[in-house]
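**Q** 3D model of this:
(2 chains)
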Amino acid sequence: MSVVSEILHLLVTASLWNQVLAAAVLLLLPALGGVISERSGVVNIAMEGMMLTGAFFAVVADLGLHNPWLATLVAMAAGGLMALIHAVVSIRFRADQIVSGIAINIFAAGLTVFLVNRIYGIQDVGHASYSELLPSLNIPVLEQIPFIGHVFFQQNVIVYVALVLLVLVHVVLFRTRLGLRIRAVGEHPQAADTAGINVYAIRYGAVITSGLLSGLAGAFLAIGVSNTFVPNMTDGRGYIALAAMIFGKWTPFGAFVACLIFGLGEAIYANNSIIHVSPYLLSMLPYLLTLIVLAGVVGRSNPPAADGIPYVAGSE
Amino acid sequence: MGHTRLRFLGVVAAAFMLVAACGSSTSSPPAKQYKVGLVTDIGGLNDKSFNHLAYVGLQKAITDLSVKGDVTESKSGDDYVPNLTNFASKGYDLVIGVGFLMAEAIGTVSGQFPNIHFAIIDGAGTDAKGNDLKHANVQSLFFSEQDAGALVGVVAGMLEKQGKAKKNAHVIGAVGGISIPPVNHYIAGYKWAATMEDPGIKVLIGYSNDFVDPAKCKGVAQGQISAKADILFQVAGQCGLGVLQAAGQNSVYSIGVDADQKDSDPSVILSALKKVDVATYTAIKGVVNGQFKAGALTFNVANDGAGYAIDNFSLPADIQTEVDNVKAKIKSGALTPPSDIPA
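**A** Have a look, this model is predicted:
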């Protein structure tokens, strides 16, 4: 009984929801990348690896350049490069996109640890100082609103960027000619090709965009939330983003709702010092919530029709 | 198209391949030189914590005792047995496993190679149920983490009692990685000593369920800070770096663990030290001198295997006196910090 009241009490605190939003954004960015890539017809399970690569290069660049903004651009470029590998392998060489994605995730895990050891030896990677971190930004006036202010307007700058990107991706995908083309290429590339759309260009662009977004998430994780790189610090977030994408039926806002649910589970878990339940039980919460929602609410989730199928120009 | 299923197969396959991709090593040694193999747990050598310290101990042995030392980093829990077996099957004189998480692996492999010496930091060679198999070739290097936890707990308790911490609410926190004995020993000593100094204190205890990801520990730390904690003790390896950072960003105090974490964040006022380097070196020296002893070897305040460091802080004289006083009493046995977290 007291546990229930502890959780209920927690649910009405603004600091919890502040944590929920920040945790959700870490998942939202790679999930948006996944949505874009898969809407264009390229299966992408490599967000984990792109995010990890982004996190690593964000820290290296930040410690070298002492500028979090440049470091973020470097991280996005690193994520984009990993995505380019996935694009070339799966679009140009028409390899199995799942295998390519797995390869990138493993490659990223190995590459980052290797580079840590090469660059920093057995020493600690080092820590970005406060001035070298992506800053938190309190929006004047709005932050004064009770409850809402703390939840929405006292966040890291990347949280605002992500929310803008969420709307932007939705608008581009569903309200613009470019979005129509991306979706056409993902549903029926032959028809799109016949209509004069460059299927390959659209797919390359979409996959690389997913890398840029995952790299941005990596930068947020490494030099926004944390201040250093730790091997495998993405800790499966790229995979959870993948689940969020499926859960959200390949739509930006659907994925965001899923990310919020995962974020809520994570934030409740983070308060296990105050809730007197086994931390193991609480750590299951995000996944339990997913199962419940998937089973009861979402219903059947269908990917774009041509998702995962390499396009051969002129084929039927 | 069944893509979703394929996708999950892919993720599962990735996990297996990650496991398979790990576990490499070097060798082809000259004869007549003692060979020591060190296997890290999943924290890796860059953890700036006990894996790092074990490596420092090994380096010292390489320099001072002219042993040949090799290291393998484990990427997942499934690597422990293959990595240990690799060294044992190549006839290394001593194979060291770093960390409680490797206890069962040490138990398994030491049974298969009865002529090879094994040492394990923070654990014993156990069976799957955690029972010590008491193999005659296994030395357990234990630490009284509660001694180190108690020393920093004295400082935390006195700061709260005197109202010298930020929020003056008599609330402190401890963020553990996973709830396992070496973590809980620290927290037990910390809570016990803080309560001894400030009986009205409230000690929040949380776990991140992770030793790697700083963001997870930061979340737990923020939860404790929201609940008015103003001194946070991290007992979570690299994950705990997030605790130190959360404390810094909220202008409260933090306490580092295992190694001196002074440089990790300006908020670090103290570090509770566990001298894994001393233990590793001692174990290697034992083998080299032909004095290997199976069973437990405990490192504590009395033999300088546990202690504390003062970091970005100047300790008030009265608190220093009290810490010295408690330390002397623990050494003499007049005070014994508990190894289980007091209620």
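
**Q** can we go C-alpha only for contacts and neighbour counts from here?
**A** Fine.

**Q** what sits up against stretch B:135-144?
**A** The contact list for stretch B:135-144, computed with Cα atoms under 8 Å, 6 or more residues apart in numbering or on different chains, reads B:107, B:110-111, B:114-125, B:182, B:185, B:274, B:279, B:283, B:292-301, B:305-306, B:339.

**Q** ok, now with 6 Å
**A** Residues outside stretch B:135-144 that contact it (Cα atoms under 6 Å, 6 or more residues apart in numbering or on different chains): B:117-124, B:294-300.

**Q** which helix or strand lies directly C-terminal to the least confident helix or strand in chain B by mean pLDDT?
**A** Sorting the helices and strands of chain B by mean pLDDT, DSSP states H and E puts helix B:3-20 at the bottom, at a mean of 56. Where DSSP states H and E defines the elements, the next helix or strand beyond helix B:3-20 is strand B:35-39.

**Q** can you dump the C-alpha coordinates of that following strand into PDB?
**A** In PDB, the C-alpha atoms belonging to strand B:35-39 read as follows (Å, rounded to 0.1, in the frame of the first residue of the first chain):
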ATOM      1  CA  LYS B  35      53.600 -15.600 -16.000                       C
ATOM      2  CA  VAL B  36      50.600 -13.700 -14.700                       C
ATOM      3  CA  GLY B  37      47.300 -13.400 -16.600                       C
ATOM      4  CA  LEU B  38      44.800 -10.800 -15.500                       C
ATOM      5  CA  VAL B  39      41.200 -10.900 -16.700                       C
END
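
**Q** which SSE is immediately downstream of it?
**A** Taking DSSP H and E, what comes next after strand B:35-39 is helix B:50-65.

**Q** next, the angle strand B:35-39 makes with that next one.
**A** 170 degrees (axes from the mean of the first three to the mean of the last three Cα atoms, to 10 degrees).

**Q** nearest the geometric middle of chain B, what residue?
**A** The residue lying closest to the centre of chain B (Cα atoms, centre = their mean) is residue B:50, at 5.0 Å.

**Q** so how far is residue A:234 from that one?
**A** 22 Å (Cα to Cα, to the nearest Å).

**Q** same check, this time on residue A:143
**A** From residue A:143 to residue A:234 the distance is 30 Å (Cα to Cα).

**Q** compare those two (neighbour count), which wins?
**A** When residue A:143 and residue A:234 are compared for neighbours, residue A:234 comes out ahead with 27 against 18, by other Cα atoms under 10 Å in any protein chain shown.

**Q** to what extent is the nearest residue to residue A:270 once chain neighbours are set aside buried, counted in neighbours?
**A** Spatial nearest neighbour of residue A:270, chain neighbours left out: residue B:220 (4.3 Å); criterion: Cα to Cα, 6 or more residues apart in numbering or on different chains. Neighbour count for residue B:220, taken as other Cα under 10 Å: 32.

**Q** on that earlier part again, just among the contacts of stretch B:135-144, which is most surrounded?
**A** residue B:118 (34 neighbours).

**Q** that's a strand at that one, yeah?
**A** Yes: per DSSP: H, G, I helix; E, B strand; the rest coil, residue B:118 lies within a strand segment.

**Q** identify the bridge partners of it.
**A** residue B:95, residue B:138 (DSSP bridges).

**Q** what does the pLDDT read for it?
**A** According to the prediction, residue B:118 has pLDDT 97.

**Q** from memory it sits against residue B:94, does it?
**A** Yes: under the criterion of Cα atoms under 6 Å, residue B:118 makes contact with residue B:94 at 5.4 Å.

**Q** can you give me the strands in the chain?
**A** I'll assume chain A. A:136-138, A:154-156 (DSSP state E).

**Q** the chain in question should be chain B.
**A** Using DSSP E, strands in chain B cover B:35-39, B:68-72, B:94-98, B:117-121, B:138-143, B:171-176, B:202-207, B:231-235, B:253-258, B:268-274, B:295-299, B:306-310.

**Q** and among those strands, the most buried is which?
**A** Mean neighbour count (mean count of other Cα atoms under 10 Å in any protein chain shown) peaks for strand B:231-235 among those, with a mean of 31.

**Q** near chain A, which residues of chain B show up?
**A** Within chain B, the positions adjacent to chain A are B:14, B:45, B:46, B:48, B:204, B:205, B:206, B:213, B:219, B:220, B:223 by Cα under 6 Å from any Cα of the partner chain.

**Q** number of nearby residues for the second one?
**A** Residues within reach of residue B:45, counting by other Cα under 10 Å, total 26.

**Q** what's the closest non-adjacent residue to it?
**A** Nearest to residue B:45 is residue B:52, by Cα to Cα, 6+ apart, at 4.9 Å.

**Q** swap in residue A:96?
**A** Per Cα to Cα, 6+ apart, closest to residue A:96 is residue A:90, 6.5 Å.
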